[in-house]
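Colleague: quick one, structure for this:
(chains A and B)
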There are 2 protein chains.
Amino acid sequence: MIPSVPVPLSGERFRVVYRLSGSESECREKAQDICLEQTVEFPAELVPDGDIRNSVVGRIESLDRVGENRFAAIVSFAVETSGPELTQFLNVVFGNTSIKPDARVERLDLPESLLRAFSGPRFGREGLRARLGVPQRPLLCTALKPMGLPPNELASLAYQFALGGINIIKDDHGLADQPFAPYRERVRQCADAVARANRETGLNCIYMPNVTAPADRLAANAMFAKEAGAGGLLISPGLTGLDAMRQLADDDGIGLPIMTHPALQGSFVASPDSGISHFALFGQLARLAGADATIFPNFGGRFSFSREECHSIAEGASTPMGRIKPIFPTPGGGMSLDRVPEMIRFYGSDVVFLIGGGLHTHGPDVVENCRHFRRMVEGQ
Amino acid sequence: MIPSVPVPLSGERFRVVYRLSGSESECREKAQDICLEQTVEFPAELVPDGDIRNSVVGRIESLDRVGENRFAAIVSFAVETSGPELTQFLNVVFGNTSIKPDARVERLDLPESLLRAFSGPRFGREGLRARLGVPQRPLLCTALKPMGLPPNELASLAYQFALGGINIIKDDHGLADQPFAPYRERVRQCADAVARANRETGLNCIYMPNVTAPADRLAANAMFAKEAGAGGLLISPGLTGLDAMRQLADDDGIGLPIMTHPALQGSFVASPDSGISHFALFGQLARLAGADATIFPNFGGRFSFSREECHSIAEGASTPMGRIKPIFPTPGGGMSLDRVPEMIRFYGSDVVFLIGGGLHTHGPDVVENCRHFRRMVEGQ
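Modeller: Reported below is the predicted structural model:
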């Protein structure tokens, strides 16, 4: 017999919008199941009366039909069930429910009392623009690739990109610490190459090495990058855990802008009826975890995100979340220069355009291709 | 123009079996796409000739029909593309491809040269059995819950479970560092309660607190648990990142058995045509990342895994992987005592039975319920 105990709770609750599939009664049952599964994980009849039943267990705030056999349930949870930890916040939002069919996290709504636990992006849109000296137009980004090149060849590419006026040069997310391009050697040479180009151009191009690494080497990678002169960090939180990114963002000793890459996160958005929405995953959660820019595959490229999904990421990157700053949507993935006008119409100017292979196909001269890219963006 | 460069490679390759959907030519195209996407991430026509094209890019080893519009592609990758890092290994296996539809990771096949990079489970089946003093029969496990109870009530439950002969008492994975049951206070009291019961019973029950926490507190949580006398650790790598578990497993200063919980990992197995197979995720990858026991929702409980999926997890937990030890499948999730005989027939004796709420419903006396559980398992 589980005792009924008083639980010290503030009364503050956060809300999660879940999209559920089925009839109204099935969806109500699923929502009730979420209330239990995400908190006490106990059969309803065993939950003790009092505070645990009334306040620790999630609460259905509303259930609305949003389509045929589709309902949106708003479930609230006491902020104390999560506490100030991003890991446990994710757990309450979707831990066990991720294992059940037909429930998708659509949107998060955190009260100020819980938002206080998260610093969010250190730079955000304004901070990153200030760093780069680009007050208004879309930012230009490309990636160092392909995997297999040695550090000096990657650095040579970085130099050309920077000379051509690219704002952010990131490592391809597949560059780790491989023997053909060891992390430290690569970072040192690429950071130097970008600094040299900046001296020639007078611009503030930044190099963002991929710090994604085993848990015990992440912070050292980031610190090395900073000391080598890198102007930002690329990380794939699907590989490291979302909170590892949060830790890098919160570290005052590092203090660099962060770009998040979606590697291994695709399974969360593979189905419209389960997982986590594009809006919440690549927008809201990326911000909560400290990213300043969020990479995702653009519609019409070699991935399969729809226009609506891409639009929702841009929305999630800027939807009001207390003092958590808005960040840059960073569409990429098989983009080409000729789509720049269309992308500006679609995303507006608060966007980072990530063009990789496309900067090599326009013409034989990489520097000139970058200048062309820049003129296209500035001309719009 | 990307230069053709020699790439120092050993010639050793690891293999990934992908399940693909579509016609044979569509699936061949998807497999070719995987070869590029997971390595150079470059349009085929831009990939320089020589080592990068021939050896860094993935290679289709075979493509076999496995059903109507279903093919199994074996793709091999140079071990150097991953290197000895679990994060980058995951990236090569499924980073970008996770974002594309209709490709699922079925199985991993690592050569000895890559397996050497991973220590795997510190204990494995034999080591955990030795710790618990249970040489042959299934192990008995339960969870401290519900969320909302204070440390002394959780400790009281732990004492009763241990007195009743449970082998492993884990925190519910929703217990983190909440104000109503702060981590350290809870761990101290529960570890003490289990130690007290062990003195009375002469058994070696172990308490596994949930160490899942923000990246910068994980190791400290684990060390505190060890010093408080906890006999193992529970972690949800879906929340922390898989490599965070690997780090705990590899830490000689901690040296405790580890149980992995599937929170937030459900989206990877939500579809038979995308994500990662149960075999690879809860079996092979859990082992590579150092778990000694892998929790998953049993068939017929309140989750939706099928008998076949559960069977495949048990297979993945013991399939030969060089010196990486076999581990315990740990089915749980809405299990009841009356299913013990069926579960023994299904899983055999190398299994951990995780029964939570079911230990409270059998009768009013928790200690007696545990003894009944134990008699049922020992009697089979």
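Colleague: contacts, neighbours, all on C-alpha from now
Modeller: OK.
Colleague: what number of residues lie near A:Ile235?
Modeller: For A:Ile235, the count of nearby residues is 29 (other C-alpha atoms under 10 Å in any protein chain shown).
Colleague: ok, A:Arg70 next?
Modeller: 18.
Colleague: from the chain's centre, how far out does the helix or strand hosting A:Thr330 sit?
Modeller: Element membership for A:Thr330, per DSSP states H and E: strand A:328-332. Distance of strand A:328-332 from its chain centroid, counting by C-alpha atoms, centre = their mean, to the nearest Å, is 10 Å.
Colleague: beyond it, next helix or strand please.
Modeller: Per DSSP H and E, the helix or strand that comes after strand A:328-332 is helix A:340-347.
Colleague: show me what that next one is packed up against.
Modeller: helix A:366-379 (3 or more C-alpha pairs under 8 Å, 6 or more residues apart in numbering or on different chains; DSSP states H and E).
Colleague: and the helix it packs on with helix A:340-347, angle?
Modeller: With axes from the mean of the first three to the mean of the last three C-alpha atoms, to 10 degrees as the basis, helix A:366-379 and helix A:340-347 are set at 40 degrees to each other.
Colleague: which other residues reach helix A:366-379?
Modeller: With contacts defined as C-alpha atoms under 8 Å, 6 or more residues apart in numbering or on different chains, helix A:366-379 is touched by A:137-138, A:140, A:160-161, A:163-166, A:337, A:340-341, A:344, A:359-360, A:362-363, B:1.
Colleague: now do stretch A:20-31
Modeller: Under C-alpha under 8 Å, 6+ apart, the answer for stretch A:20-31 is A:60, A:63, A:65, A:69-73, A:75, A:102-104, A:273.
Colleague: what is the helix or strand hosting A:Ala191 packed up against?
Modeller: Per DSSP H and E, A:Ala191 falls inside helix A:183-201. Secondary-structure packing of helix A:183-201 (3+ C-alpha pairs under 8 Å, 6+ apart): helix A:151-163, strand A:206-208, helix A:218-228.
Colleague: show me what the longest one is packed up against.
Modeller: With contacts defined as 3+ C-alpha pairs under 8 Å, 6+ apart, the secondary structure elements packing on helix A:151-163 are strand A:139-144, strand A:168-171, helix A:183-201, helix A:366-379.
Colleague: in CSV, list those along with mean neighbour count, distance to B:Asn198 and mean pLDDT.
Modeller: As requested, the helices and strands packed on helix A:151-163 are exported to CSV (neighbours: other C-alpha atoms under 10 Å in any protein chain shown; distance: least, C-alpha to C-alpha, whole Å; pLDDT from 0 to 100):
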stretch, mean neighbour count, distance to B:Asn198, mean pLDDT
strand A:139-144, 24, 58, 98
strand A:168-171, 27, 54, 98
helix A:183-201, 20, 49, 98
helix A:366-379, 18, 70, 94
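Colleague: who wins for proximity to B:Ala289 among those?
Modeller: Of all these, helix A:183-201 sits nearest to B:Ala289, with 22.5 Å by C-alpha to C-alpha.
Colleague: need the residues that contact the closest one.
Modeller: Residues contacting helix A:183-201 (C-alpha under 8 Å, 6+ apart): A:150-152, A:154-156, A:158-160, A:162-163, A:165, A:175-177, A:204-207, A:209, A:224-225, A:228-230.
Colleague: run the last query once more with 6 Å
Modeller: A:Pro151, A:Ala155, A:Tyr159, A:Ala162, A:Leu163, A:Asp177, A:Ala228, A:Gly229, A:Ala230 (C-alpha atoms under 6 Å, 6 or more residues apart in numbering or on different chains).
Colleague: among these, which pair sits farthest apart?
Modeller: A:Leu163 and A:Asp177 (26.2 Å).
Colleague: which of the helices and strands packed on helix A:183-201 is buried the deepest?
Modeller: Ranked by mean neighbour count, the helices and strands packed on helix A:183-201 are led by strand A:206-208 with a mean of 29 (mean count of other C-alpha atoms under 10 Å in any protein chain shown).
Colleague: elements contacting it?
Modeller: strand A:168-171 (3 or more C-alpha pairs under 6 Å, 6 or more residues apart in numbering or on different chains; DSSP states H and E).
Colleague: partners of the strand it packs on, with directions?
Modeller: Sheet pairing here is set by DSSP bridges, and for strand A:168-171 it gives strand A:139-144 (parallel), strand A:206-208 (parallel).
Colleague: residues in contact with that strand?
Modeller: A:Cys141, A:Thr142, A:Ala143, A:Leu144, A:Cys205, A:Ile206, A:Tyr207, A:Met208, A:Pro209, A:Asn210.
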